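S.K.: sequence below, structure please.
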Amino acid sequence: MKVCIPTMGENGLNNFVGEHFGRVPTYTIVDLDTDDVKVIPNTSHHMGGQVDPPQIMVKEGVNVMLCQGLGRRQSPCSKNSVLKYILVHLERSRMLLMHLNRGDFRRQV
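M.R.: Numbering: from 1, shown residues only. I've put the predicted structure just below:
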């Protein structure tokens, strides 16, 4: 399973989680089966690109998006999305994975 964390820089799991997943500079993608960590730039329309952030996640094979909240436009779309969203509090990315592995996150959108 691949998990994506919207991050505030290129340090992957050592970065803070961004408050607005569409406007963060990077996404940190973790494959929980292989422990591979990949940091990709945000190339969404928020940053001058042509696609929405969820389209980037689907292209990368992400299953779960950890985020602090969803905007008005994204919330209705999430019901029909192949992505699952888990709402979290602002923490370092590495701590989010620890909580996820322990099963602490229950709330999905």
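S.K.: what segments of the chain are helices?
M.R.: Secondary structure of the chain by DSSP state H: the helices cover 53-59, 74-78, 93-102.
S.K.: and residue 2, what does it touch?
M.R.: Contact analysis of residue 2 by Cβ atoms under 8 Å, 6 or more residues apart in numbering lists 29, 30, 31, 32, 60, 61, 62, 63, 64. Heads up, the C-betas are built off the backbone N, CA and C, glycines and all.
S.K.: mean pLDDT lowest where, among the helices of the chain?
M.R.: Out of the helices of the chain, helix 74-78 stands lowest, with a mean of 47 (criterion: mean pLDDT).
S.K.: got the confidence number for residue 51?
M.R.: pLDDT, residue 51: 89.
S.K.: how about it: what's its closest non-neighbour residue?
M.R.: In this structure, residue 51 finds its nearest non-sequential neighbour in residue 44, 5.9 Å apart by Cβ to Cβ, 6 or more residues apart in numbering.
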